[in-house]
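# turn this into a structure:
(one chain, ligands or ions: 2)
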Amino acid sequence: MSQAFSAPGKALLAGGYLVLDPSYNSYVTALSSRMHVVLRLGQERSDGLSSIKVLSPQFHNGEWEYITTSKEDLLSVKEVNDRVNPFLIATVNTVLAYIQPSTKYNVQLNIYSDPGYHSQENTTPKLSINGKRSFLCHTQAIHEVAKTGLGSSAGLVSVVTAALISYFGKGKELDKNVVHNVAQIAHCYAQKKIGSGFDVAAAVYGSIIYRRFQPKIIEDLLQHPVFSATGDEKLQKEYSSALRKVVDSDWDFNHTPCTLPPHIRLLMGDIQGGSETPKLVSKILQWKKEKPEQSSALYKDLNAANESLITALDELHKLYKEKHDVYSKGIKFFSDQSIDNLTKEVIPDFTAFYDLISSIKSIRLNLRKLTEYSGASVEPKEQTALLDDCITLKGCFGGVVPGAGGYDAICLLMVDDSIGKFVQASKSDSRFEKVTWLNLHEEKNGIIVEDVRHYLGL
Ligand SMILES: Nc1ncnc2c1ncn2[C@@H]1O[C@H](COP(=O)(O)OP(=O)(O)O)[C@@H](O)[C@H]1O
Ligand SMILES: C[C@@](O)(CCOP(=O)(O)OP(=O)(O)O)CC(=O)O
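Ligands and ions are numbered 1, 2, ... in the order given. A predicted model of the protein is given here:
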């Protein structure tokens, strides 16, 4: 029996930092760069132990094996050959503790990541037998390859969780909420911190308006004494029942499906400027602690701007449905227009388009205030200049620094038919010489079942 699944990457278009607080909504776009897993029965071990073997053939030394240390002790998982992958062992541990398999298992998982997740330098493509899948092979180990911040670990944890839960569920229909909850716990354990979880939520559910779960739901689990006393069966059973109770409880968070309006597409630019999200987050949290009044006022304004983007996108969906011809005229108008030199005359029918443009401007204005007040380079001046340059070209509604911001990426909202000319024009414009436009788009679905035949020969 073989099964295949995939999960999308992510771009946090609105809600960076605020999404750490369960009071605020964020807007996450799931991306066409996907993380794939193929699960098949593995080889039985001569010692009769259960095992989960994970292969990542795209990367040097991309092989990890997890075995239970004894026939009785189902939950003490050991990494074989000492190759460490914190996200994989956390996922294996969490799934096994949740499932508590009663019979022996030997499973092999092959992981494949689409090109957008990592730098494509020094790679060679490998095609599957039926040509449906092509992945880039790297000469380095996974932890040595530069990332593009599309959420590879979140995609990995989510898709491995889905595959293992499906396997142990013996084909029972996958409950995405169980996959989400188990994957969040595993991802937080691997990261040794409880982030907002927007990346795991997007990997499981796809493009969403996301309000985070309360961290306290999983805090005790991550501190459970079982982690400091491996092999203690009584503690393992206690942990497993506590885990099951948490996973099966109502997490009371928001993951409303959303998608960009028709003919409006995301264009991501990779700047390779490198940013340390944890350092940016700690700087912002420090400022919040030191300047409670200033920060709460700015968070209020930033949240209003984020919500105005969500509303503007929703209004554009309504315009498309209710006045399709007006919507089409608006798309045509903006495809041949740079918003940097919009005439003052406002075309009344295009209000929803103008609202989108002004919501992006409002988010950026408040992110620059966040940068100034906190000292964290959320929208540093180099990114301000680049985003301002982008709106001088036709077909661009504006753009933001996604997620935590910093120097490594920009996300533009574009008229789809204008992207080709926009990218072409940027190639001969020195203002964009540091930008690599990523060949990806919104793919709003979260975890999906894939056809295993597409991976044969990889
Ligand atoms: N294809 C893969 N195979 C195995 N492990 C992977 C793969 N992709 C990502 N990982 C794991 O996720 C880690 C990267 O996670 P992280 O630093 O959080 O980056 P990101 O922001 O892309 O999630 C890698 O070092 C590796 O441990
Ligand atoms: C700051 C944040 O709210 C958003 C960070 O978004 P990014 O997409 O920048 O994160 P990385 O995956 O580290 O690149 C932290 C959080 O929500 O956990």
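# only C-alpha atoms from now on, for both contacts and neighbour counts.
Fine.
# reduced to three states, what does K104 come out as?
coil (DSSP: H, G, I helix; E, B strand; the rest coil).
# for it, give me the pLDDT.
Per-residue pLDDT puts K104 at 90.
# that one against R45, yeah?
No - shown here, K104 and R45 do not form a contact pair, counting by CA atoms under 8 Å, at 10.6 Å.
# what segments of the stretch 51-200 of the chain are strands?
For the stretch 51-200 of the chain, the strands defined by DSSP state E, counting those that start in this stretch cover 51-55, 63-68, 77-80, 106-113, 123-127, 134-138.
# how about the stretch 251-400 of the chain: which residue is closest to ligand 1?
With CA to the nearest ligand atom, the shortest gap between the stretch 251-400 of the chain and ligand 1 falls at T277, namely 9.0 Å.
# can I assume that residue is in contact with D408?
No - in this structure, T277 is not within contact of D408 by CA under 8 Å, at 10.5 Å.
# which element, helix or strand, includes the closest residue to L319 other than its chain neighbours?
Closest residue to L319 apart from its sequence neighbours, by CA to CA, 6 or more residues apart in numbering: Y327 at 6.0 Å. Following DSSP states H and E, one finds Y327 within helix 324-335.
# what is the orientation angle of the helix or strand just after that helix with helix 324-335?
Remark: after helix 324-335, the chain's next helix or strand is helix 351-374, criterion DSSP H and E. For helix 351-374 against helix 324-335, the angle by axes from the mean of the first three to the mean of the last three CA atoms, to 10 degrees is 50 degrees.
# centre of the chain versus helix 351-374, how much separation?
23 Å (CA atoms, centre = their mean, to the nearest Å).
# any buried residues in the helix holding Y327, and which?
Going by neighbour count (16 or more other CA atoms under 10 Å), the buried part of helix 324-335 is 327, 330-332, 334-335.
# redo the residues you listed as a markdown table? Include pLDDT and distance to ligand 2.
Shown next, in a markdown table, are the buried residues of helix 324-335 (pLDDT from 0 to 100; distance: CA to the nearest ligand atom, whole Å):
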| residue | pLDDT | distance to ligand 2 |
| --- | --- | --- |
| Y327 | 98 | 31 |
| G330 | 97 | 31 |
| I331 | 98 | 29 |
| K332 | 97 | 31 |
| F334 | 96 | 28 |
| S335 | 96 | 28 |
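# closest one to E290 out of those residues, please.
E290 has its nearest neighbour among those in F334, at 43.3 Å by CA to CA.
# from L413, how far out is the closest residue to that closest one other than its chain neighbours?
Nearest non-adjacent residue to F334, counting by CA to CA, 6+ apart: G395, 5.4 Å away. Using CA to CA, to the nearest Å, we find G395 at a distance of 9 Å from L413.
# more neighbours: the two, which one.
G395 (27 against 22; other CA atoms under 10 Å).
# which residues touch that one?
334-338, 414-415, 418-419, 422 (CA atoms under 8 Å, 6 or more residues apart in numbering).
# isn't there a helix covering F397?
No - applying three-state DSSP, one finds F397 to be strand, outside a helix.
# ok, what's across the strand from the nearest residue to N122 once chain neighbours are set aside?
Of all residues not flanking N122 in the chain, H138 sits nearest, at 6.5 Å (CA to CA, 6+ apart). Counting by DSSP bridges, H138 forms beta bridges with T123.
# before we move on, back to that, skip the chain neighbours and tell me the closest residue to the residue of the stretch 251-400 of the chain closest to ligand 1.
Leaving aside its sequence neighbours, T277 sits nearest to A404 (CA to CA, 6+ apart; 6.0 Å).
# right, and the one you found touches G16 too?
Yes - in this structure A404 lies within contact range of G16 using CA under 8 Å: 5.4 Å.
# related to what we said a few turns ago, contacts only, for the residue nearest to T277.
Contacts of A404 were listed using CA under 8 Å, 6+ apart, and they are 16-17, 277, 280-281, 378.
# on the three-state scheme, it is what?
Here A404 is recorded as coil under three-state DSSP.
# how close does it get to V159?
Separation of A404 from V159 (CA to CA): 24 Å.
# SS state for M268?
M268 ends up strand, using three-state DSSP.
# how many residues are close by the residue nearest to it when sequence neighbours are not counted?
Spatially, and ignoring its direct neighbours in sequence, M268 is nearest to C411 (4.6 Å; CA to CA, 6+ apart). Using other CA under 10 Å, C411 has 21 other residues around it.
# in the helix of greatest length in the chain, what's buried?
Scanning the chain for the helix with the most residues, using DSSP state H, yields helix 292-322. Within helix 292-322, the residues scored as buried using 16+ other CA under 10 Å are 295, 298-299, 301-317, 319-320.
# now stretch 391-411: mean pLDDT?
The model assigns stretch 391-411 a mean pLDDT of 96.
# check whether the helix or strand where L285 lies contacts ligand 2.
Per DSSP H and E, L285 falls inside helix 277-290. Yes - counting by CA under 6 Å from any ligand atom, ligand 2 is contacted by helix 277-290 at 277, 281.
# what does the stretch 351-458 of the chain put close to ligand 2?
Applying CA under 6 Å from any ligand atom, one finds that the stretch 351-458 of the chain approaches ligand 2 through 403-405.
# residues in contact with E443?
Neighbouring residues of E443 by CA under 8 Å, 6+ apart: 8, 29-32, 206-207.
# what sits against A201?
The contact partners of A201, taken as CA under 8 Å, 6+ apart, are 180, 184, 210, 255.
# closest residue of the stretch 1-150 of the chain to ligand 1?
H143 (4.0 Å).
# circling back: can I get the contacts of G395 in CSV with distance to ligand 1?
Compiled in CSV, these are given as follows (distance: CA to the nearest ligand atom, whole Å):
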residue, distance to ligand 1
F334, 33
S335, 33
D336, 35
Q337, 35
S338, 33
M414, 25
V415, 28
S418, 29
I419, 25
F422, 27
